[in-house]
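K.L.:
Let me see the structure of the following:
(chains A and B)
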Amino acid sequence: GEQVEQLPSILRVQEGSSASINCSYEDSASNYFPWYKQEPGENPKLIIDIRSNMERKQIQELIVLLDKKAKRFSLHITDTQPGDSAMYFCASLTGANTGKLTFGHGTILRVHP
Amino acid sequence: EAAVTQSPRNKVAVTGGKVTLSCNQTNNHNNMYWYRQDTGHGLRLIHYSYGAGSTEKGDIPDGYKASRPSQENFSLILELATPSQTSVYFCASGADWGSAEQFFGPGTRLTVL
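P.N.:
Next comes the predicted model:
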């Protein structure tokens, strides 16, 4: 089945700097790539996503880039704040009708004041 | 009002016992999913369903059964619980058209002694 690799597993940044998380996938038929944020003790929530007909998408301080040739996508958080500290998961859609997502192992982001 | 609810929120079971985790959604989504979350493994799909009466094996189905008696309800059943099934379990729902966003429940923390 599909495999999604996510790096790094832990990311520590200073407040105000940028943070980048990288993911790669195997299935060339994957066409949807969401990012979920999970606060401690909470459930994962969708924060941004990108479809395969796009190379870049931005929502406020969140930027997602997609390189279909390399089968890589990435999340960039600009001007990080302590409230950005959380677990982040990337995923790829592997079944169009079932909406079956394959998730990466997650990145713990710590933003230090 | 929460659209995906899970019960119980916490459960302690004994090895060899039967455990049933319940999930209810009011999103009117056809697709529902059961994941487990473990440190170092991210979110792994156990079973999913694309409508009432259907269940499909996910990536790690061994030791688990699922039941979808109605559009709203999706249960995960551990017939003979083992300590290796100690984990946090998340249920999610998603539409089978338009956005592939999945909406997660609050999670169930299961400890098998």
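K.L.:
give me every residue that touches B:Pro106.
P.N.:
By C-beta atoms under 8 Å, 6 or more residues apart in numbering or on different chains, the contact set of B:Pro106 is A:Glu42, A:Asn43, B:Ala2, B:Val4, B:Thr5, B:Gln6, B:Arg9. Placement of C-beta: from N, CA and C, glycine included.
K.L.:
If you tally nearby residues, what's the number for the last one?
P.N.:
So the one you mean is B:Arg9. 11 (other C-beta atoms under 10 Å in any protein chain shown).
K.L.:
OK, contacts around it?
P.N.:
Neighbours of B:Arg9 in contact, by C-beta under 8 Å, 6+ apart: B:Pro106, B:Gly107, B:Thr108, B:Arg109.
K.L.:
Any residues of chain A in contact with chain B? List them.
P.N.:
Taking C-beta under 8 Å from any C-beta of the partner chain as the contact definition, chain A meets chain B at A:1, A:6, A:9, A:32, A:34, A:42-46, A:49, A:89, A:93, A:97-106.
K.L.:
what about stretch A:2-15, how long is it end to end?
P.N.:
End-to-end distance for stretch A:2-15, by C-alpha to C-alpha, to the nearest Å: 35 Å.
K.L.:
Please report the distance of the residue nearest the centre of chain B from chain A.
P.N.:
Nearest residue to the geometric centre of chain B (C-alpha atoms, centre = their mean): B:Trp34, 2.9 Å. Distance, B:Trp34 to chain A, by C-beta to the nearest C-beta, to the nearest Å: 12 Å.
K.L.:
hang on, isn't that residue packed against B:Leu76?
P.N.:
Yes - using C-beta atoms under 8 Å, B:Trp34 makes contact with B:Leu76 at a distance of 4.6 Å.
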